[in-house]
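In: quick check, what structure comes out for this input:
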Amino acid sequence: MVVFLLITLCIGCASPSQPTRFYRLDAGSNNLGPIDLTPRPGGVVIGIDEVQLAGYLDRPQIIERSSSHRLKLYEFDQWAGSLQENLLGLVRERIQQQLSAMQIIAYPWPQGLKPDYELKLAIQRFERVEGRIELQGLWTLVETDRRKIVLMQQNRLQEPIQGSTIEAGVAAASEAVSKLSEQIAEQMLRQIESEKVR
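Out: Numbers count the residues shown, from 1 in each chain. Down below sits the predicted model:
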């Protein structure tokens, strides 16, 4: 009888838990189509380096800040694949849309194509906070040949979440990353244009 109870308890412990749900940041319905990476004479090429994540963000679980000093990890709601790669792809796509006259490439660079400028982006904060997404990024624009920093900025955004689900939060996170990318593109364009007239 005791053995039977132990076996029953072990079977109960081994019962399957709830399935894990996976999410990705998405640029939306806008489709750029094929991107021509062939160098154009006189054309500006911007390379986006690997996106750096703050240590607490470098994990599969989606994170919510429940207080100033406490974070909640959603064990069954996770990023599909690498969040770094997902961010890099979305940032590149959005910046390419903003700077259509330039070529925007993502790390690693295609063989034989050297960027004129390198964009280095570090995500310092990226989490749900009550009914919004908070995003903070520090980015640097480097002139490749001279290895000279020509621009360094820190951007902070808040994007409201339209709903209470994790999926609604991911949609808001995608929008926050898109807006950050657009801000970076605008600031880079002004800087590159000012470099040309010097």
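In: give the contact list for the one residue sitting closest to the centre of the chain.
Out: Nearest to the geometric centre of the chain sits L87, at 2.3 Å (CA atoms, centre = their mean). Under the criterion of CB atoms under 8 Å, 6 or more residues apart in numbering, the contact list for L87 reads 25, 51, 53, 121, 123, 177. Any C-beta I mention is one placed from the backbone N, CA and C, and that applies to glycine too.
In: give the helix, strand or coil label for the fifth one.
Out: What it means is I123. strand (DSSP: H, G, I helix; E, B strand; the rest coil).
In: packing partners for the lengthiest helix in the chain?
Out: Secondary structure of the chain per DSSP state H: the longest helix is helix 166-196. If you count contacts as 3 or more CB pairs under 8 Å, 6 or more residues apart in numbering; DSSP states H and E, helix 166-196 packs onto strand 21-23, strand 61-67, helix 83-98, strand 117-129, strand 132-143, strand 148-160.
In: Q162 should be in a helix, yeah?
Out: No - counting by three-state DSSP, Q162 falls outside a helix, being coil.
In: for it, list the residues it contacts.
Out: Counting by CB under 8 Å, 6+ apart, Q162 makes contact with 168, 171-172.
In: how close does it get to I104?
Out: 29 Å (CB to CB, to the nearest Å).
In: over to A185?
Out: Distance, A185 to I104, by CB to CB: 9 Å.
In: which residues are contacting stretch 163-173?
Out: 21, 23-26, 62, 64, 74, 77, 126, 128, 132-133, 135, 159-162.
In: which ChimeraX command selects the buried ones in these?
Out: One line in ChimeraX is enough to select the buried ones among the contacts of stretch 163-173; burial here means 16 or more other CB atoms under 10 Å:
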select :23,25,62,64,74,77,126,128,132,133,135,159,161
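In: residue ranges with poor pLDDT in this structure?
Out: 1-16, 28-42, 197-198 (pLDDT under 70).
In: hmm, try it at 80
Out: 1-17, 27-42, 195-198 (pLDDT under 80).
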